[in-house]
Every structure is written in structure tokens, then in C-alpha cells.
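S.K.: Got a sequence here, can you model it:
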Amino acid sequence: MNNLGERLFKLRRDKKLSQEEVADKLNVTRQTISKWETDQSMPDFDKVVPLCELYGITPDELFIELKEKKSLKNNAFSNELEEEKLKTSKKAKGIAISVVLYFLGVVFIMIAIPVMKMNPIVASALFLLICGIATGIIIYVCIKYKKEKTLEETENDKLRNQISNVAAIIFTIIYLIISFKTMAWHLTWIIWIIFGLFEEILKLIFMLRSYKDEK
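M.R.: Residues are numbered from 1 along each chain as shown. Reported below is the predicted structural model:
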């Protein structure tokens, strides 16, 4: 039985009793029996024992199946919650690794040519490879550990997008000012790599915040 009402209906039917007959024996109205069997209300405490005696069962037998189903439901919910936490944790770790790779990529490109005297083409290729690996990790974890968003998470996404939009405007202004002042357009594009890094750090912060709230 999925609920108490269905169980009471089955017990009455097995005893071949009508709602009127049960109502007369328990000194209640037929509408009361109907409400019990349709889960609109529950039997009062003083009616539980007479009701069980009428149906030839104990109160424990009446409620034990419901308790077991409730326990199973709670366990299923707990397992689902733990699974979602595990997914969020793995996703956060994947993005954290990507952020570190982006940092390493930026540091590498800054020292590869002027300090290590590396061929610019080779240095740029290695830099793009690092960024590609980092981006691939992000795409992978976001697809593999995707979950349905709650209302709170949707609101967090809106806030993160607003921060990201403001940051994009600020980075654009900085990029134009530095580029026009230095005329080093071949180097100032790194600002957009830094912006991408900022975006991933922002995502990680909101993800960790969500994970903390779940705990």
C-alpha cells in the first residue's frame, strides 16, 4: 500500500464490510470512514485500537508497512543527495584543475619567449595546448556532472552572469587603454586570457558556495 487510506480500504474490503458498518461499530459517521480511506484525515488515537480489533490486526501491523516505505523513501532521498554532493565535488575539482592549468599557461607564455628564449610559434602552440586541455576538462565535467538546477542555483547563475558582464566591460576598458598607450597589441591580448581565468575562478567560487550550502 502506498498510504494509510489505501491500506484501510483494503482491510475493510477483505472483511467484506461497508463503510456504514464500520462507522456504526466505531461510533463515527460514514463520511469519517470515507475521509480515512481517501487520506483526507487520519483516525483519532482512541479509534486506532478499536479499528485494528475490527480488522483483526495490531496497530503495529497497520503502520509497519507505512513505516518501512517511509524509511525506504528517506534512504533513497539520502542516497540521491549524497550522489548530488559527490557530483558537485567532482565538478568543483575538475574546474579547480582547469583554473590551475590556465594559471600555468599564463605564467608559461609570460616567461617562455623573453626569459627562456623559446621560439614564439612553439611557445604559442604550447600555450594553446594547455588552454585547450583546461577547457576540455571544464566541458567534460560540466556535461558529465550536470544536474537539474534549483531556484536558488538559478538565482546564483543570474548573479554570476551580472558580475561576469560587469567584469567584461572593465576588462575591455583596461584592454583598450593599455593597448592604445603601449601599442603592444601583440601582447595585450593576454588580458583576455586573464579574463577567461577570472570567469573560471568566478564559476568555481559559486560552485563551492553551492556545495557548502548543500552541507
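
S.K.: mind giving me the domain split of this protein?
M.R.: Per automatic domain parsing, the domain ranges recorded for the chain read 4-57, 88-214.

S.K.: Format those as TSV; extra columns: mean neighbour count, distance to Phe63 and mean pLDDT.
M.R.: C-beta here means a position set from N, CA and C on the backbone, and glycine is covered the same way. Shown next, in TSV, are those (neighbours: other CB atoms under 10 Å; distance: least, CB to CB, whole Å; pLDDT from 0 to 100):
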stretch	mean neighbour count	distance to Phe63	mean pLDDT
domain 4-57	15	8	88
domain 88-214	14	32	79
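
S.K.: export the ones you listed to CSV and tack on distance to Glu82?
M.R.: CSV is the format used below for those (distance: least, CB to CB, whole Å):
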stretch, distance to Glu82
domain 4-57, 29
domain 88-214, 10
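
S.K.: Contacts for stretch 16-23 next, please.
M.R.: The set of residues external to stretch 16-23 that reach it, using CB atoms under 8 Å, 6 or more residues apart in numbering, is 12, 29-30, 32-34, 37, 51, 54.

S.K.: now do 7 Å
M.R.: By CB atoms under 7 Å, 6 or more residues apart in numbering, the residues outside stretch 16-23 that reach it are 12, 29-30, 32-34, 54.

S.K.: So which of those belong to strands?
M.R.: Judged by DSSP state E, the subset of the contacts of stretch 16-23 located in strands is empty.

S.K.: Report the next helix or strand after the helix or strand that contains Lys93 in sequence order.
M.R.: Per DSSP states H and E, Lys93 falls inside helix 59-112. Beyond helix 59-112 in the direction of the C-terminus, DSSP H and E gives the next helix or strand as helix 120-144.

S.K.: which strands and helices sit next to that next one?
M.R.: Helix 120-144 is packed against helix 59-112, with contacts defined by 3 or more CB pairs under 7 Å, 6 or more residues apart in numbering; DSSP states H and E.
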